[in-house]
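> Here is a sequence with its predicted model. Questions after.
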Amino acid sequence: MTRLHPMPFGAQVLADGRTRFRLWAPAARDVAIAIEAPAPRLLPMNARDDGWFEAIIDAPAGTRYRYRVDGATGVPDPASRRNPDGVHGASEVIDPHDYDWQDVHWRGRPWHEAVIYELHVGTFTPEGTFGAAAARLDYLAALGVTAIELMPLAAFAGARGWGYDGVLPFAPHAAYGTPVDLKRFVDAAHARGLMVLLDVVYNHFGPDGNYLATTAPWFFHRDASTPWGGAIGFDGPHSAPVRDFFTHNALYWLVEYNLDGLRLDAVHAIVDRSSPSFLASLAAEARAACPGREIHLVLEDDANRASFARPDRVNGARYDALWDDDVHHALHVLVTGETGGYYADAARDPLARLGRCLTEGFADQGEPSPMRGGAPRGEPSSGLPPRAFVTYLQNHDQVGNRAGGERIFALASARRVEAALAIVLLAPSIPLLFMGDEFAAATPFLYVCDVDRALADAIREGRRREFAAHGAAPSSLADPDDPATFARSRLDWTSLASPAHERALAWTTALLDKRRRFVTPLVATLGGSAAAWQRLGERALRVTWRAPQATLWMLANLGDDAVAVERPRGTRVHPHDDVAADGMLPPWQVVVGVDARSP
């Protein structure tokens, strides 16, 4: 079985063996295709209406080409399916029919079963490739995760990077492998019952290798920018091709690569005043393009706009869930005691914020945020079910954006971290593990890049200023452009032989097994406004989630002193020993159970 998503741009192999090339270049007078291999030639493209250029020529799969705009140096195809020599090199014609999919019966998994494992392909294994990651799939399936979330794969400058500065959104980053390698990874994951989600960036392009500003300046907003570059022009007078470009990118990943969903990065940085908005249209078109499949769409939105997870009144489409930084911030303050930087808001009664998150979704639902200068943040979220929120003890941002890239295991005792992890994995929201969390990885995860000297200097200086504002010494900041920084960030799989890491892995695996058996069956039936919490002390709380068939309850003591609690009722899920049987909950202890008698 083969899969193809037809696109109105880029290079597409036709049924007769020829290839159709289309480029939107409204700022260009003329465009030609510069074929570089197998035999060099220059072929003019025909000008069409509204800034489009098109040509249909003999150019089989494997042909290397660029677009020569107004006689200038050739540029890669912005819709390139592969750029084997990097973002400044020639694009390659890819025929999606060259891969024979084996997962013909795969229809995905329901969202309530999701346990997400976020990984960065380049540092997940020593090799840093799709093939090497595929060799770890049996391990992930045995761990108990059900979904792999790949950090962005869009081709970016250099060999090393996180992927959030991609410039060729349709081309998997060449250092990780070929398109076929990625398809094999997805196929192998599906064979093991694992979903594959992809992190995509639709708010900006990276600073190195982006040629769109010269050929199609309407890709960028005239009067708006993001912290990482020019904002995308989703609502301008020439926005239709721009919206199509990103919509087709989403459909391309979902259809041609048979991915199970997308996580959209930092949508608060998308400037869009149109109606329907790009995000609303994208959700509708993505679901329409994948009938009969479980497709999951997740947003990261620092503005806490809960309305994204509610059905759209026009077309019914919505996003399945939103990342919930509020849970992370509250737990981090409770576990580590850190209150600087963006933890300042969470420092105001972190236990109360945690309780609100566990029962209502967000801690900030329209209240003023001191960290944001008193501006209100968020929308009411209490009516949404727990599965509308993705929660985590840490993720790539929260680790990698520390000066030293330290994981939480280096900042707090194992007892504290285990208690927090039990809350994340046994609460009915959708849990996410960052790669290595499961065995308390000791390796850091540092910000890395591989760019020219001038840009590297600017990135280095910018990060030094940022961390200096939080009190970090410049000497503590690893050089992002140094290959050694990238090497330090690779997971150390040999550490699993040590008793401490082996114990941590066993702990996580046991928690996920308990979630699968006791919590997951309730998640699908839990509605909004079906939870409550009460404070049991300065650092302890009780939470209940009422499902139609049973009540899930949790007792959590995140302090150094024992607290008095009522004897729990029902089936004990975690731990199995009789903790709190004497009416006292020990320090840094979490107890979870299910009571079928009090739905």
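It's in. It should be emphasised that the depicted structure is a prediction, and the values quoted were computed from it without experimental measurement.

> low-confidence ranges in the chain?
Regions of the chain meeting the criterion pLDDT under 70 cover residues 313-317, 467-476, 597-599.

> helix, strand or coil for the residue positioned nearest the centre of it?
Geometric centre of the chain, nearest residue: Asp199, 3.9 Å, by CA atoms, centre = their mean. With DSSP: H, G, I helix; E, B strand; the rest coil as the basis, Asp199 sits in strand.

> Off-centre distance for stretch 137-148?
Put simply, stretch 137-148 sits 17 Å off its chain's centre (CA atoms, centre = their mean, to the nearest Å).

> Likewise for stretch 335-344?
23 Å.

> and the end-to-end length of it?
End-to-end span of stretch 335-344 (CA to CA, to the nearest Å): 15 Å.

> Report the buried residues of that stretch.
Neighbour counts over stretch 335-344 (16 or more other CB atoms under 10 Å) mark 335-336, 338, 342-343 as buried. The way it works is simple: take the backbone N, C-alpha and C, and place the C-beta from them, glycine included.

> swap in stretch 524-537?
By neighbour count on 16+ other CB under 10 Å, the buried set for stretch 524-537 is 525-526, 528, 530-531, 533, 536-537.

> Please apply the same query to stretch 191-202.
In stretch 191-202, counting by 16+ other CB under 10 Å, buried: 194-202.

> again, but for stretch 481-497
Neighbour count says stretch 481-497 has 481-482, 485-486, 488-491, 493, 495 buried, by 16+ other CB under 10 Å.

> what's the span of it, first residue to last?
Terminal residues of stretch 481-497 lie 31 Å apart, using CA to CA.

> Tell me which residues are up against that stretch.
122-126, 128, 160, 405, 435-436, 439, 441-446, 448-451, 456, 459-460, 478-479, 501-502, 505 (CB atoms under 8 Å, 6 or more residues apart in numbering).

> One more pass at 6 Å, please.
Residues outside stretch 481-497 that contact it (CB atoms under 6 Å, 6 or more residues apart in numbering) are 123, 160, 436, 439, 441, 443, 445-446, 448-449, 456, 478-479, 501.

> Please apply the same query to stretch 12-22.
Here stretch 12-22 has contacts from 9, 11, 33, 54-56, 58-59, 93, 95, using CB under 6 Å, 6+ apart.

> May I ask which of those residues has the most neighbours?
When neighbours are taken as other CB atoms under 10 Å, the top entry among the contacts of stretch 12-22 is Ala11 (26 neighbours).

> partners of the one helix or strand it maps to in the sheet?
Per DSSP states H and E, Ala11 falls inside strand 10-13. Here strand 10-13 is paired, per DSSP bridges, with strand 19-24 (antiparallel).

> So for the following helix or strand past the partner strand, what gets flagged as buried?
Per DSSP H and E, the first helix or strand lying C-terminal to strand 19-24 is strand 31-37. Buried residues in strand 31-37, counting neighbours by 16+ other CB under 10 Å, are found at 31-36.

> Beyond strand 31-37, next helix or strand please.
strand 41-44.

> counting contacts, what elements does that next one pack onto?
With contacts taken as 3 or more CB pairs under 6 Å, 6 or more residues apart in numbering; DSSP states H and E, strand 41-44 sits against strand 31-37.

> if we go to 10 Å?
strand 31-37, strand 52-57, strand 64-69 (3 or more CB pairs under 10 Å, 6 or more residues apart in numbering; DSSP states H and E).

> Redo the buried residues of stretch 191-202 as TSV? Include distance to Leu143.
Formatted as TSV, the buried residues of stretch 191-202 follow (distance: CB to CB, whole Å):
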residue	distance to Leu143
Leu194	10
Met195	14
Val196	15
Leu197	16
Leu198	20
Asp199	20
Val200	25
Val201	28
Tyr202	30
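
> which two from those residues end up farthest apart in space?
The most widely separated members of the buried residues of stretch 191-202, counting by CB to CB, are Leu194 and Tyr202 (24.9 Å).

> Cheers, nothing more for now.
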